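> Task: produce atomic coordinates for the following.
(2 chains)
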Amino acid sequence: MIRPSLETRSSAAGRRLLLAALAPCLALSACGSQLSWLFEPSATTLGGGDAKVCFRVPDMGPLCEMGCETPSSKSGYHGKHPGRSGELSAVEMKMARIAWKYFENNYQPTTGLVNSVDGFPSTTMWDTASYLGGLLAARELCIIDKHEFDKRLSKLLGTFSTLDLFQGELPNKAYNTETAAKVDYTNAPGEIGFSALDLGRLLIWFRILKERFPEHANGIDRALLRWNYCRVLDACGTMYGALKTGDKVEYLQEGRLGYEEYAAKGFQMWGFSTVLSSLAEPYETIPIFGVDVPYDTRDPRVLGAHNYVVAESYVLDAIELNWDEGTDRSSSDSTHTVPWMRDFADRIYLAQEGRYLETGVITARTEHQLAGPPYFVYDTIYTDGYPWNTITETGQFVPEHSAIALKGALGMWAVWETPYTDLLFDTISSLYDPEKGFYEGRYEISGKVIETFTANNNGIMLESLLYKTQGKLLRWKGIPGIWETALSNPFDGARRCLPQHPRECGAPRPGSG
Amino acid sequence: MWRRHRVPGTLALLALFTPLGGCGLAVNSVREGVENFRNSQLFHQGQHGELTDQELEWARTAWRYFENNYNSETGLTNMMDRYGVTSMWCVGDSLAALVAAEQLELIDKRRFDLRMSTLLGTLNRMDLFAGRVPNRLYDTASAKMVGYDNQPAEIGWSAIDLGRLLIWLSAVAGHYPEYGEYAQKAMLRWSFCDVIGACGGLYSGAAVADRIDLVQEGRLGYEEYAALGFASWGFNTARASSWEPYEQITLYGIDLPRDARDPRQTGTFAPVVSLPHLLAGLEFNWDRIRDTESSDARHSDAAWAQLAQKIYAVQEARWRNDRILTARTDNPLSAPPFFVYDAIHVAGYPWNTISDQGDVRNDLALVSSRAAFGLWALFKGDYSETLLKAVCTLNDPDRGWFEGRYEATGDHEKAISCTTNALVLEVLLYKSRGKLFKAPEQPTLLDLRASNVFVPPGRCLPAERRSCT
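Modelled structure (predicted):
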């Protein structure tokens, strides 16, 4: 089912081919200096952001013309990654430019933040991470130059350096993108809590950027050293979100199978222990079209939290982390150091492919926005007891809002190279407004598009395209920075529960009072 | 699970007959011997053998219910203790109980005849819903049709309830041919046209204003069980007897089929419960309906036997893994909501207990007496013995068997029902006789009447029907 993708980087012939193709480019610009990786697969290149590596070649004339700047991904030999690989076709490149349109339109120069929904000046940490994914892809695909990239990232990190935190501890669930003020989900001023999943994803993206762009590492480290990690993770490595209602703050275990382990990796890669949240358990499987689909068994009837099974977390985990441990700095992209994650992801994919093959319904399911009420649905493979369940946040059954989610479709296209994902690609590749970006989705039942544009959708689509050219987006350089220095100081950070201060697992969890 | 076959010994016994008489006698003896051998209690699954004094006491307690709740005017039995309403399901129960009482010699032939005759007479006389089929509910004192509020009303019919009644009318005709004719005359009053489709789908009817709403009735389990009743009289039940549409769920590594019809869209829950599978075991030995020949040691509907085995295994697995004693089915209760689907799986969740409105009421989960007795009868093992111990004292000797014991607290649920007490009697009869069902002699009165093309009954009886296309 999952065909090995064409891989030429490791073969000598491929390298020669590459070099031959590079020749004109090398002549045009000064980008030969960092080519050692081509010949020494194990070497780690510690080049700065300005390293001029012109690695990406055949049919990449435009890149060379642009000055052949800085692919930051080239820090060594990575092995074969799952799914699509190779340079982007003209169609794919066009898609990337259109997706970037969203981030041009919705950029807030005062804060460096981007609206999560077109024209709506509010965002979350999850959507901010998706923006960072889009930003990296735009840079790596040479849609923007270093100046634009640095301007945007510097502005954003500046905002984070003074960001008004929830209870002075962690970023609030939502911010006004024009003022960077804490807001609720309606964008009215006020603090409402924090989301461990959103923060986990943001931590992943800060790590990816820190490793790729050491020139921005200080800003990232300092932003994260402002945070207090005592309540978001307990001593046993379980993640908690904060929910503020009135004056009361509740800290509730957050994350279900898929999202939980993905977000935990964000904390893991900054040195935190995430023992319990990184376990797949507790889960069960349910057979759907012959595939045993895993789902979280924490009971929605008792706990109120839905145990939705969707493509998104598994796809993001593949694209950004190659289904590896958060701390895995060296393994080849052809192996996955969290093997069950790959196994589960394959099943999530196969169940959807199976639905298409058995019923003809083109399926790419994940959570997505809507243009009208209820504005957001969990459009799932399975949740709350039912396969192909589509529910609102309150659990109401709304099958009429089931849709092919574009980010889900393109993500699966990137990670699984199959005839079915070819079909998904054809289904969604032209569902865009050239002035606004890609639509959120296309309704399964009516075939109409969901006329909503979001940072999450366009950001994930951009990173999916980038994945095709680069594989795993997290590329460790491992240069110690301010964060690592702080962690090596045993006299600092206890009140913020930094990783050098382990707590006793089994004690009452923090913030329960 | 299975009794070890003592074939060599029995064959030796058969061989002994041969020299004793002439040729013909020997042949007869062998034939008789084979018959006895086939129906030997050595060969049916689960409990078998003479009833112990204790078990006879259990049977008397169960029969007590049918003494207390009997209406001698109509022959009808109350559905719940001291509540003068009954359903056709409960009429089926009371026939089962009556047969068991007679065969276990709890009552003499004269009492049996009086009850049977009065009941069949009522079935032949009572009013029918829209003049077609028995109403869902009847007043037991007057045999008048009533609604859920116990006021006179024609509310509709249940094909599932009728299915159980048809099974026991069949069995009565099979075991006691002298009553079969009157049972069939009662059925000849019914119109089957809207109850069962040409392809064997079952439909309930509900009176709504001035029309009748037909809704497909039955989900995997009860649907297949009720279909046996229609099939026993020759109806094509292809659609109801098929498991489709179903999906698998996996609990403790055991794959169980569950009905795939979606309660969110159909408004009907599709619980995975024990009772229909247990009744199919006790009454039919999980055999196909036309199977009157095969040894009780094998099940000619092997898939159903395997499904029932899994129903047992998954409840045992819950006990072994989670130490929660489990015997689940749908049960009446003595307090609101008065009824729960206490299910292995329902509405998306395993070990879910819901009211008929779908409210989650896991506090009302029971170790169900009817499920526990049925599991004990059909499956030998440590677990079924454990279950029996948990329920074998849940009775009032003057009133009958209680519904069960609360999983959450161990308290008794003291509702007393027709179905549970009939089930206890069926279980004990099964232990002493094996498979309870016996098909009526062919051709039946129904077949003969329906085949008369000059004076057709016009009731959509099997012989009147066109084939499913």
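> any idea how far A:E440 is from A:I460?
To A:I460, A:E440 is 11 Å away according to CB to CB, to the nearest Å. All C-beta atoms are positioned from the backbone trio N, CA, C, and that covers glycine.
> My error: substitute A:L252 in the last question.
From A:L252 to A:I460 the distance is 26 Å (CB to CB).
> Would you state the predicted confidence (pLDDT) at the closest residue to chain A within the stretch 301-450 of chain B?
For the stretch 301-450 of chain B, the residue closest to chain A is B:G348, as judged by CB to the nearest CB, at 1.5 Å. pLDDT for B:G348: 89.
> my guess is it meets A:I391, correct?
No. Assessed by CB atoms under 8 Å, B:G348 is found out of contact with A:I391, at 11.2 Å.
> okay, and the common contacts of these two?
Shared contacts of B:G348 and A:I391, defined by CB atoms under 8 Å, 6 or more residues apart in numbering or on different chains, comprise A:D384.
> Spatially nearest residue to the residue of the stretch 301-450 of chain B closest to chain A, not counting backbone neighbours?
Excluding the flanking residues, the one nearest B:G348 by CB to CB, 6 or more residues apart in numbering or on different chains is A:G385, at 1.5 Å.
> Next up, the contacts around the one you found.
A:P300, B:A347, B:G348, B:Y349.
> okay, among the residues you listed, which ones form the most distant pair?
Greatest spatial distance among those (CB to CB): A:P300 and B:A347, at 11.7 Å.
> export stretch A:88-95 as CSV, just CAs?
C-alpha atoms of stretch A:88-95 as CSV (Å, rounded to 0.1, in the frame of the first residue of the first chain):
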residue,chain,number,x,y,z
LEU,A,88,7.5,20.4,-6.4
SER,A,89,5.8,20.4,-9.8
ALA,A,90,4.6,23.7,-11.3
VAL,A,91,1.1,22.9,-10.1
GLU,A,92,2.3,22.2,-6.6
MET,A,93,4.5,25.3,-6.5
LYS,A,94,1.5,27.4,-7.6
MET,A,95,-0.6,25.9,-4.8
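> Other residues contacting it?
Counting by CB under 8 Å, 6+ apart, A:A96, A:L141, A:S429, A:Y432, A:F438, A:M461, A:L465, A:K468, A:T469 sit against stretch A:88-95.
> closest to chain B among these?
A:F438 (31.2 Å).
> Please report phi then psi for that closest one.
Dihedral pair for A:F438: phi -90, psi 140, per degrees, to the nearest 10.
> so who does the closest residue to it other than its chain neighbours touch?
Here the nearest residue to A:F438 in space, its sequence neighbours aside, is A:Y432; by CB to CB, 6+ apart that works out to 4.6 Å. Each residue near A:Y432 by CB under 8 Å, 6+ apart is listed here: A:M95, A:I98, A:A99, A:F438, A:Y439.
> Out of those, which comes closest to chain B?
A:Y439 (27.8 Å).
> Neighbours of the closest residue to that closest one other than its chain neighbours, how many?
Closest residue in space to A:Y439, ignoring its immediate chain neighbours: A:V449 at 4.4 Å, by CB to CB, 6+ apart. When counting by other CB atoms under 10 Å in any protein chain shown, one arrives at 20 neighbours for A:V449.
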